[in-house]
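Peer 1: starting from these lines, generate the structure:
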Amino acid sequence: MKLSRDSWLGIGILLAFILVTALTIKTPAIPYLSTSSAPDGTLALKLWLEQLGYQPAESSETLFDPQKNIATIFILQPTSVISDSEWKLLDQWIAQGGTLMLAGDNLQAQTAFDHFDFSLVHLDNQVIEFSASSPLLHSPVIPSTIKTKSSFWLSTFRADFLPLISTNGFPVMVSFEQGRGRVILSSTPYPFSNLALKKEDTNASLILNLMTFTSKKGMIWFDEWHHGFQSAGIVGPGQWLQRTPGGHALLFIVGVIFVALLLQGRAFGRPIPLLHEIKRRGPLEHVTAIANLNRKAGHRNEVLKQYHQRLKRHLGQRYRIDPSINDADYVNTLAQYNSAIDKDSLLNLLKRLSQKNVNETELLKLAAEAARWINT
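Peer 2: Below is the predicted model:
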């Protein structure tokens with residue numbers, strides 16, 4: 001059975017709907033989420049710290065506001081840049097005694113390190129073994145080497161920081177005080193991941209040592225705000241279309257209708273055949289046609305009147321003489337400015353241009369004479 005054009009169109013629209021639905025359901029995984037059990041998630045760290053007595057704080061999707069009862073904030077591999085207003089809140093929270101653990105090796109993490117005057121620098125090769133640089137890292141005891149991995153080290157001109165782990169003298173994880181609180185920076189988020197805690201005990205010992213740096217006990221908060229889990233209030237139809245399922249469905253329906261109309265390709269009327277040759281009239285033919293129309297209509301008086309007004313405007317334009325005054329006063333005024341002008345000839349011409357019922361021959365003579373005055 002041969003399908004019609006409309007049937008093929010319906011099948012194509014149905015397949016497009018299935019494809020769009022499949023792509024919408026399959027969303028890429030965000031690394032270092034506290035709710036992810038993937039190898040690069042941090043759910044194991046969250047559950048483990050909860051068993052040790054650290055109560056996780058609830059994350060808000062409408063407001064970024066570190067509360068005073070939060071003792072430690074983990075910002076691990078952020079996917080969005082921390083704004084100046086958010087840094088202001090974080091700095092106030094740290095100064096009041098909070099501990100910020102910031103780890104990452106992407107561009108957003110580099111921007112965050114810049115806030116503390118640190119920068120990421122590439123190591124020659126990825127390192128998988130590090131040494132503890134601080135004598136404070138002994139609770140619990142850490143072996144001589146910490147097995148993790150990093151491709152960067154932290155560079156700075158500051159002198160008030162304490163290196164925690166390093167490789168060949170290059171610090172990979174540092175700590176420093178800020179107000180009554182503390183900041184811990186790591187050029188690698190790997191030690192906090194599910195895979196790192198499962199694979200190597202040294203990573204778990206490292207995390208326990210880092211938790212001893214907290215200046216106060218309390219709740220811990222895994223920052224998902226900078227992993228993209230943000231939802232602002234909906235203002236206006238534009239945001240409703242962009243942020244709600246109903247808006248997405250409406251946009252999809254409009255798109256399907258547009259594609260259907262486009263594929264139909266129906267004409268709006270009968271096709272108009274193109275002319276193979278278009279003859280255009282020349283400017284002289286247009287002038288001749290207008291002249292013939294004036295001749296047949298007997299507009300000689302109007303033509304003379306036009307030459308009369310044009311002549312007075314042209315001669316008096318330089319001296320700002322009003323062309324609407326009578327001819328005698330106009331000529332006398334013009335002669336006061338230009339003594340070389342022939343008053344009698346000009347007045348005679350203006351008088352003849354004002355006469356009525358002239359024949360065509362006289363009209364041509366007056367027009368030629370007026371043109372000479374205008375062109376001189």
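
Peer 1: show me where the stretch 51-200 of the chain has helices.
Peer 2: 84-95, 107-115, 194-199 (DSSP state H, counting those that start in this stretch).

Peer 1: closest to residue 255 out of these?
Peer 2: Each of the helices of the stretch 51-200 of the chain has some distance to residue 255 by Cβ to Cβ; the shortest is helix 107-115, at 32.2 Å. For the C-beta atoms, the positions are set from N, CA and C on the backbone; glycine is no exception.

Peer 1: check which residues of stretch 111-119 are buried.
Peer 2: Going by neighbour count (16 or more other Cβ atoms under 10 Å), the buried part of stretch 111-119 is 112, 113, 116, 118.

Peer 1: and the gap between the first one and residue 80?
Peer 2: Which is residue 112. As judged by Cβ to Cβ, to the nearest Å, residue 112 and residue 80 stand 10 Å apart.

Peer 1: pLDDT weak spots in the chain?
Peer 2: 1-6, 9, 20-28, 60-62, 135-141, 143-144, 215-217, 230-244, 263-269, 274-280 (pLDDT under 70).

Peer 1: walk me through the domains of it.
Peer 2: Per automatic domain parsing, the structural domains of the chain span 29-227, 283-375.

Peer 1: I'd say residue 219 and residue 71 touch.
Peer 2: Yes - the pair formed by residue 219 and residue 71 meets the contact definition of Cβ atoms under 8 Å, at 6.1 Å.

Peer 1: which residues are in contact with each of those two?
Peer 2: Taking Cβ atoms under 8 Å, 6 or more residues apart in numbering as the contact rule, residue 219 and residue 71 both touch residue 54.

Peer 1: neighbour count winner among the two?
Peer 2: residue 71 (21 against 15; other Cβ atoms under 10 Å).

Peer 1: which one is that one nearest to, not counting chain neighbours?
Peer 2: Nearest non-adjacent residue to residue 71, counting by Cβ to Cβ, 6 or more residues apart in numbering: residue 218, 3.3 Å away.

Peer 1: for residue 14, find the nearest of the domains of the chain.
Peer 2: Closest of these to residue 14 is domain 29-227, at 29.2 Å (criterion: Cβ to Cβ).

Peer 1: how far out from the middle of the chain is that closest one?
Peer 2: 32 Å (Cα atoms, centre = their mean, to the nearest Å).

Peer 1: rewinding a little: out of the helices of the stretch 51-200 of the chain, which gets nearest to residue 333?
Peer 2: Here helix 84-95 is closest among these (Cβ to Cβ), at 73.0 Å.

Peer 1: what angle do that closest one and helix 107-115 make?
Peer 2: Using axes from the mean of the first three to the mean of the last three Cα atoms, to 10 degrees, the direction of helix 84-95 lies 60 degrees away from that of helix 107-115.

Peer 1: correct me, but residue 178 touches residue 95?
Peer 2: Yes - under the criterion of Cβ under 8 Å, residue 178 makes contact with residue 95 at 6.3 Å.

Peer 1: which one's more surrounded, these two?
Peer 2: Neighbours were counted for residue 178 and for residue 95 using other Cβ under 10 Å; residue 178 has more, 16 against 12.

Peer 1: residue 250 versus residue 83, what's the distance?
Peer 2: According to Cβ to Cβ, residue 83 and residue 250 sit 31 Å apart.
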